[in-house]
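No letters, just coordinates:
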């Protein structure tokens, strides 16, 4: 029988109780809500009985109860954005209910979960309804059921007959994944294969395991490059994929089987990559599509983008990566008290990081000033299947911090709906810190997950200077970026005859305070810190409204700087962002 946890004994439970009281309160609150028939996701509170009936929590329309291949998800046919209902259908609250039982000893929390699971089985039919569509969501649901069954394994009310019933349902989903593993693409295929392997380990069905590991190896090598980056140009789906690979590795280890070198190597390279890209805020830049996908459920105070649990898990598995900077509560559920044996401490990161195959580059100064730069392939392309599905038009775009304050940011992803306004604009250059030439996007938007005519770029680091180039239709654009503790400078050179627009996506905590030709004073909201932007020559300029959404359905108002120039021949421009102190009385700056 597959074990996902490594030693969840009474000493571990007592440690969680005493060391993480806020986390314990959050776990009990979520479990109590489930008992009241309430769940929360994407900032919405849903009623379980309505969600079980397929009622969309946003539009209140009913999703069709048809074979999943007959359900249309595009606007005009769909009752709403299916990701709202899918988020509920992941059942993230089930392992949390089991944790509440372990922490309190009260079997009522297991009862809440068991009642829900039995009602769920009554409301679904094999391969019918949206719960069967989208292989990643099946995988997420399966792992949450498996975690629940393992954490609550000693509960008296979790009878053998119930286990048999639940196992039959898990088998139905496993068989679908095994039958259709070749049909999904990109991260969908990697996840499907991971859970075919995990479910075989769950039932001690090790026959043909070698075949499935070889299939997973092929999918992993397609998606995770040798430098540790991810082919789909999405930080969220990269982490999602790494989580699934880590679960496979831990499952193999706990079953007494060896972890293949290609598997441990892919995880290690990815963790090194995540560490190198970590911003001064402790999170990752959210380039590409990001949709709150996660396999290992973690409760407050761990935020969605906190990554220390991955480093704790990797270190606990014996992988050659750094220990966690601070071991979070979730690590103890996975590793037991072994989690406390790893040394804590702030990791030392290099001043430069270069991921040439992925096209990602980082400059860092004293760990508080930082630039992330994208200059490489537009994104994963599989002929006749999917054209750059999760990429955004942000070639030669950047994310930047000065002295720990966010200056330029990535807009993230607000929604997934095809032709949804927020979906399209947040994939467009105008919401990133890059350029658009003659109004033509870097890739032609075909649908929510497909582009045509995508533009690739080239990047490198020379003498602590970021350099990126891209060219098309007779024009060529070169961008060079330098960073010090208090300043970063962008030097652009455009060659060609065209109308060029420059965009700079400001952090939502930064607002223009004083605007003059060739100069803008920006103030950080709440801290009074001031940043001066100096432009080498005056251009047509405007401050545009915008927003960022680092998590699905959670938008923060933001502002963008827009500049335009008609270029004939050559145009050289310099943009210098410098931290200049704080807003003093009477509008004086220093």
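Sure thing, it's come through. Small disclaimer: the values here were computed from a predicted structure and weren't measured.

Run a quick neighbour tally on the closest residue to residue 387 other than its chain neighbours.
Spatial nearest neighbour of residue 387, chain neighbours left out: residue 450 (4.4 Å); criterion: Cβ to Cβ, 6 or more residues apart in numbering. No exception for glycine: its C-beta is placed from N, CA and C like everyone else's. Residue 450: 15 surrounding residues under other Cβ atoms under 10 Å.

Number the chain from 184, please
Okay, residue one is now 184; in that scheme the one you just asked about reads as residue 633.

Identify the bridge partners of residue 633.
Listed by DSSP bridges, the beta-bridge partners for residue 633 are residue 630.

State the helix or strand in which residue 257 lies.
Applying DSSP states H and E as the criterion places residue 257 outside every helix and strand.

just to revisit the earlier point, so for the residue nearest to residue 570, what's the pLDDT?
The model reports residue 633 with a pLDDT of 86.

Wait, it touches residue 574, no?
No - between residue 633 and residue 574 there is no contact under Cβ atoms under 8 Å: 10.3 Å.

Quickly list what's touching both of these two.
Counting by Cβ atoms under 8 Å, 6 or more residues apart in numbering, no residue touches both residue 633 and residue 574.

Give me the three-state assignment for residue 761.
Here residue 761 is recorded as strand under DSSP: H, G, I helix; E, B strand; the rest coil.

how many neighbours does it have?
A count of nearby residues for residue 761, using other Cβ under 10 Å, gives 16.

Contact partners for the residue nearest to it when sequence neighbours are not counted?
Leaving aside its sequence neighbours, residue 761 sits nearest to residue 670 (Cβ to Cβ, 6+ apart; 4.1 Å). When contacts are counted by Cβ under 8 Å, 6+ apart, residue 670 touches 585, 759-762.

right, and residue 639 touches residue 558 too?
No - applying Cβ under 8 Å as the test, residue 639 and residue 558 come out as separate, 9.1 Å apart.

neighbour-wise, which of these two wins?
Counting neighbours by other Cβ under 10 Å for residue 639 and for residue 558 shows that residue 558 has the greater number, 24 against 16.

quick one: the more buried one and residue 539 touch, right?
No - at 9.6 Å, residue 558 does not count as touching residue 539 under the criterion of Cβ under 8 Å.

Give me the common contacts of these two.
Residues touching both residue 558 and residue 539 (Cβ under 8 Å, 6+ apart) are residue 642.

Can you pull the domain assignment for this structure?
With domains defined by automatic domain parsing, the chain comprises 193-524, 535-770.

Columns distance to residue 186 on top of these, output as JSON lines?
Shown next, in JSON lines, are these (distance: least, Cβ to Cβ, whole Å):
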{"stretch": "domain 193-524", "distance to residue 186": "4"}
{"stretch": "domain 535-770", "distance to residue 186": "31"}
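
for the ones you listed, which one sits closest to residue 187?
Closest approach to residue 187 among these (Cβ to Cβ): domain 193-524, 5.8 Å.

Next, the contact list for residue 493, please.
422, 425-426, 429, 454, 457.

neighbour-wise, which of the residues you listed leads?
Ranked by neighbour count (other Cβ under 10 Å), the contacts of residue 493 have residue 425 at the top, with 27 neighbours.

can you pull the contacts of that one?
With contacts defined as Cβ under 8 Å, 6+ apart, the neighbours of residue 425 are 407, 449-450, 453-454, 457, 493.

so the closest residue to residue 229 other than its chain neighbours is in which element?
Of all residues not flanking residue 229 in the chain, residue 240 sits nearest, at 4.5 Å (Cβ to Cβ, 6+ apart). Using DSSP H and E, residue 240 falls within no helix or strand.

what residue ranges in the stretch 434-583 of the chain score low on pLDDT?
For the stretch 434-583 of the chain, the stretches flagged by pLDDT under 70 are 566-569.

now the helices for it?
Here the stretch 434-583 of the chain has its helices, by DSSP state H, counting those that start in this stretch, at 444-460, 491-499, 512-518.

Give the buried residues for the first one.
Taking 16 or more other Cβ atoms under 10 Å as the neighbour-count basis, helix 444-460 is seen to contain the buried residues 445-450, 452-460.

The residue nearest to residue 470 when sequence neighbours are not counted: what's it in contact with?
For residue 470, ignoring the flanking residues on the chain, the nearest one in space by Cβ to Cβ, 6+ apart is residue 593 at 5.2 Å. If a contact means Cβ under 8 Å, 6+ apart, then residue 593 has 468-470, 577, 580, 582, 615, 688, 731 as its contacts.
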